[in-house]
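Visitor: below are the sequence and a predicted model for it; my questions follow.
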Amino acid sequence: MKYVYFLSLVLVLSSAFVSRSATNTVQPTIKASMDRGKTIYLQRCMACHQVDGSGVPRLNPPLDGASTVKGNDKLKLVRIIIKGMTERVEIDGEYYDNNMSANPDLTDTQIADVLNYIRNSWSNKASLVTAAEVKAARTKIK
Ligand code: HEC
C-alpha cells in the first residue's frame with residue numbers, strides 16, 4: 001500500500017514537471033530574442049530613447065508604456081525601424097521634434113529582436129514578433 005502511494009506521488013510529481021517544461025517552451029525563444037535585441041538597443045537606440053525607455057521630453061518619445069510600441073501594428077513598427085522618422089509627431093498626447101535615424105542595414109531577425117526587446121522591457125508586455133513577420137512587412141515598405 002505504501003508502495004502504491006509512493007508510486008502515485010512520483011507520477012504526480014513527474015507529470016507536474018513535464019507539463020511545466022511544456023508550457024515553458026515558448027519562453028526561451030522570446031528570452032533569447034530579447035537578449036540579442038538588448039545589444040542592438042544599447043548600440044543604436046539608447047542614446048535617444050534612454051536605457052530605461054523613458055525618452056527625452058519634446059525630443060525623443062518614451063518607448064516604455066507607448067501604445068504603438070505595445071500595439072499590434074507590427075508593420076508600423078517595422079517601418080519606423082527601417083525608415084526612421086523625420087516629421088514632428090504627436091505620440092500619446094505629446095509632441096516630439098528630433099529626427100529618428102533609419103536602420104536599413106538591420107536583418108529581419110535583428111529587427112524582430114530589437115522589437116521584442118522594446119515590446120517586453122520596462123513595463124511593456126506584448127506578443128512575440130518573428131523574423132517571418134518582419135520579412136512580410138518589409139515587402140510592403142518602400
Ligand atoms: C537620433 C535619435 C533616435 C534614435 C537613435 C532612435 N530613435 Fe526612435 N525615435 C526618435 C524620435 C525623435 C522619434 C519620434 C519621431 C519623430 O519625432 O520624428 C522616435 C520614434 C520611435 C518609435 C515610435 C514610438 C511611438 O510611440 O510611436 C519607435 C518604436 C522607436 N523610435 C524605436 C526606436 C528603436 C528600436 C531604435 C533603435 C533601433 C531607435 N528608435 C533609435 C529618435 C531616435
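Guide: Nice, thanks for sending it over.
Visitor: for Val4, see how far away the residue nearest the centre of the chain is.
Guide: The centroid of the chain falls nearest to Asn116 when counting by CA atoms, centre = their mean (1.6 Å). In this view, Asn116 and Val4 are 48 Å apart by CB to CB, to the nearest Å. Bear in mind the C-beta positions are built from the backbone N, C-alpha and C, glycine included.
Visitor: before we move on, back to that, the residue nearest to the centre of the chain is in contact with Ala32, isn't it?
Guide: No - the pair Asn116 and Ala32 fails to qualify as a contact (CB atoms under 8 Å) at a distance of 9.4 Å.
Visitor: any idea which helix or strand comes after the helix-or-strand element of the chain with minimal mean pLDDT?
Guide: Within the chain, confidence by mean pLDDT, DSSP states H and E is lowest for helix 2-23 among all helices and strands, at a mean of 63. Per DSSP states H and E, helix 2-23 leads on to helix 26-44 as the next helix or strand towards the C-terminus.
Visitor: elements contacting that next one?
Guide: helix 108-119 (3 or more CB pairs under 8 Å, 6 or more residues apart in numbering; DSSP states H and E).
Visitor: repeat that for 10 Å
Guide: helix 46-49, helix 108-119 (3 or more CB pairs under 10 Å, 6 or more residues apart in numbering; DSSP states H and E).
Visitor: show residues contacting it.
Guide: The contact list for helix 26-44 (CB atoms under 10 Å, 6 or more residues apart in numbering) reads 45-46, 49, 51, 53, 63, 81, 101, 103, 106, 109-121, 127-131.
Visitor: alright, that wraps it up for me.
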